[in-house]
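**Q** curious how this folds, go ahead:
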Amino acid sequence: MTKPQLVSLISKLTNVNKQDAKALVTLVFELVATSLVRGTDVNISGFGRFTMRKKRGVVSRIRDNPEKLGNEYFYKQITFTPAQRLKKIAYTGHRYRKR
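**A** Below is the predicted model:
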């Protein structure tokens, strides 16, 4: 599903015009992104968890000289862990119902 498809579906299901639905979707994505940049995990109940991890990079070296040239470089990686409810829906094709 693309962002325009999501906006269109939200517009139809909630009887909101497309401009407002687009603004809402954009705002949600921006909030998730800014939270991750700040280092805060984003946990959406029933959907999953977004986290920003710091990964160890490669140390710069010269072939003939085993000494390090510079510092170790780190990079950031965004990970997503789906919630159990989302996994059940995705794997079985049925909506999760509480009993």
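**Q** which residues touch the spatially most central residue of the chain?
**A** Taking C-alpha atoms, centre = their mean, the centroid of the chain lies closest to residue 50, which sits 4.8 Å from it. When contacts are counted by C-beta atoms under 8 Å, 6 or more residues apart in numbering, residue 50 touches 32, 36, 41, 42, 43, 78, 79, 80. C-beta here means a position set from N, CA and C on the backbone, and glycine is covered the same way.
**Q** can I get those residues in a markdown table including distance to residue 20?
**A** Listed next are those as a markdown table, based on distance: C-beta to C-beta, whole Å:
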| residue | distance to residue 20 |
| --- | --- |
| 32 | 19 |
| 36 | 25 |
| 41 | 28 |
| 42 | 23 |
| 43 | 26 |
| 78 | 28 |
| 79 | 31 |
| 80 | 27 |
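**Q** pick out the most distant pair among the residues you listed.
**A** 43 and 78 (14.0 Å; C-beta to C-beta).
**Q** domain assignment for this structure?
**A** Taking automatic domain parsing as the reference, the chain has its domains at 1-38, 41-99.
**Q** reformat those domains as a markdown table; add mean pLDDT.
**A** Output for those, formatted as a markdown table (pLDDT from 0 to 100):
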| stretch | mean pLDDT |
| --- | --- |
| domain 1-38 | 94 |
| domain 41-99 | 79 |
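**Q** still on that earlier bit, whichever strand or helix holds the residue nearest to the centre of the chain pairs with which strands, parallel or anti?
**A** Assessed by DSSP states H and E, residue 50 sits inside strand 48-61. Applying DSSP bridges, strand 48-61 is found paired with strand 42-44 (antiparallel), strand 68-82 (antiparallel).
**Q** and after the longest one, which helix or strand comes next?
**A** Using DSSP H and E, the helix or strand that follows strand 68-82 towards the C-terminus is helix 84-92.
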